[in-house]
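Undergrad: could you work out the structure for the sequence below:
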Amino acid sequence: MSAAALTRLGTSITGIGDFELESGEVLPDVAIAHRSWGRLTPSATNAVVVCHALTGSQDVDLWWPNLLGSGLSLDPDRDFIVCCNILGSCYGSTGPASLRPGTEKRWGGDFPSVTVADAVRAQRLVLDTLGVRGIRLVVGGSLGGMQALEWAMQDRRVAAAAVVAAPARHSAWCIAQSEAQRTAVAADPRWCDGRFDPRNPPVDGLAAARKMAMCSYRTPRSLGDRFGRRRAPGGNFEVQAWLQHHGDALVDRFDAASYVQLTRTMDSHDVGRGRGGIGQALGSLEIPVLAVAIDSDGLYPPVEQLEIAELTPLGELVTLRSPHGHDAFLIETADLDRQITSFRGRASAFRRRLAS
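TA: Residues are numbered from 1 along each chain as shown. Below is the predicted model of the structure:
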């Protein structure tokens with residue numbers, strides 16, 4: 001099944017024209033795919049922006065269904081909720097899988113480097129087009145959390161931000177993980193530096209990269225409790241079958257060149273770049289910022305969310321307790337919903353105090 005086939009009905013495409021990247025390169029004729037829930041109020045100040053993770057999409061109802069709905073932290077009865085497919089992905093936004101303007105060839109490995117800051121600037125243009133004047137909250141997990149923090153840095157419309165399982169900058173540990181996964185993709189003989197035939201993509205390399213990533217998203221306890229040393233039919237260990245399933249599933253829905261591009265986008269993440277460093281950048285924020293840590297996260301450990309909370313004047317830290325590691329932001333959703341709902345109440349009270 002193609003990535004486009006997995007995207008729900010209701011996706012809109014907004015063209016933002018030629019777009020200058022942080023590198024100075026101009027990406028022509030850029031389009032951003034997005035979905036929304038709820039309606040803007042007459043004052044256009046009830047927007048909530050949700051940002052997705054590495055292989056996620058604009059379809060929040062697919063990956064955060066327990067946060068989206070009446071009475072939940074993302075409530076369409078109250079909020080105008082918008083999620084954009086990140087620039088460089090393959091769910092409708094311009095990326096390596098897109099045709100290069102004026103040609104019949106996809107960008108592939110020639111797609112220029114896109115930073116998290118670039119991705120957020122593109123999304124801001126979409127919100128401008130939608131007529132949004134005020135953003136009550138920006139929230140996201142993992143790469144989505146990096147975007148949420150960058151939104152807070154870039155846009156004065158943002159009244160509060162929730163950064164879930166994400167750092168203020170990508171560490172050497174995470175860059176190493178990304179590079180190992182990119183090497184796995186590049187080892188596939190069909191890769192050819194990103195210039196592969198879409199009819200014969202480097203599925204083995206992408207599947208291997210996904211298997212490596214899944215090991216970093218979970219913990220020894222999580223996999224041990226679930227699989228132990230049990231064997232599946234055929235003789236392989238059950239955990240091997242689980243990894244194979246995740247590798248095959250990603251191959252069915254994602255583009256290898258987009259995966260390579262977005263891991264580089266994650267590596268670019270540093271809110272202190274061009275802002276005098278992390279401390280000065282976070283210290284300039286004047287809005288409530290919730291940093292959500294996962295106590296067992298080995299990819300973005302709690303000390304990184306603690307840094308955000310301590311360096312942000314109105315920052316606070318909460319911790320999700322889970323055996324599942326980084327993926328807990330997609331698993332422990334009932335607890336996460338409670339934490340974000342509570343934070344939204346405190347952020348609203350802060351705004352009321354400012355207005356009085």
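
Undergrad: next, the contact list for Leu282, please.
TA: Residues in contact with Leu282 (CB atoms under 8 Å, 6 or more residues apart in numbering) are 168, 271-272, 308, 311-312, 315. From N, CA and C alone the C-beta is placed, and that goes for glycine too.

Undergrad: wait, what's in contact with the residue lying closest to Ser216 once chain neighbours are set aside?
TA: Excluding the flanking residues, the one nearest Ser216 by CB to CB, 6 or more residues apart in numbering is Leu299, at 5.0 Å. Taking CB under 8 Å, 6+ apart as the criterion, Leu299 is in contact with 173-174, 177, 216-217, 325-326.

Undergrad: and for Ala257?
TA: 95-97, 106-109, 111, 194, 196 are the contacts of Ala257 under CB under 8 Å, 6+ apart.

Undergrad: then it would be within a helix, right?
TA: Yes - assigned with DSSP: H, G, I helix; E, B strand; the rest coil, Ala257 falls within a helix.

Undergrad: tell me which element the nearest residue to it once chain neighbours are set aside is part of?
TA: Residue nearest to Ala257 in three dimensions, not counting chain neighbours: Pro96, with 3.5 Å by CB to CB, 6+ apart. Secondary structure assignment for Pro96, by DSSP states H and E: no helix or strand.

Undergrad: I'd say Pro96 and Ser113 touch.
TA: No - under the criterion of CB atoms under 8 Å, Pro96 is not in contact with Ser113, lying 11.3 Å apart.

Undergrad: so the two - more neighbours on which side?
TA: Legend: neighbour count by other CB atoms under 10 Å for Pro96 and Ser113, higher for Pro96 (24 against 15).

Undergrad: what pLDDT does the model give the more buried one?
TA: The score at Pro96 is 97. That number is its pLDDT.

Undergrad: measure it to Thr333 for me?
TA: 30 Å (CB to CB, to the nearest Å).

Undergrad: point out where the chain drops to low pLDDT.
TA: 1-8 (pLDDT under 70).

Undergrad: show me where it has strands.
TA: Using DSSP state E, the strands of the chain run over residues 12-20, 26-37, 47-51, 80-84, 135-141, 161-164, 289-294, 315-320.

Undergrad: and of those strands, who's closest to Leu250?
TA: Using CB to CB as the measure, strand 135-141 is the one of the strands of the chain that comes nearest Leu250, at 17.8 Å.

Undergrad: got a list of what Arg106 touches?
TA: By CB under 8 Å, 6+ apart, Arg106 lies in contact with 96-100, 198, 257.

Undergrad: buried subset of the residues you listed as a ChimeraX selection?
TA: In ChimeraX, this line selects whichever of the contacts of Arg106 come out buried by 16 or more other CB atoms under 10 Å:
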select :96,97,98,257
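
Undergrad: any chance of the contacts of Arg106 in a markdown table, plus distance to Asp118?
TA: Output for the contacts of Arg106, formatted as a markdown table (distance: CB to CB, whole Å):
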| residue | distance to Asp118 |
| --- | --- |
| Pro96 | 15 |
| Ala97 | 18 |
| Ser98 | 15 |
| Leu99 | 20 |
| Arg100 | 18 |
| Pro198 | 25 |
| Ala257 | 17 |
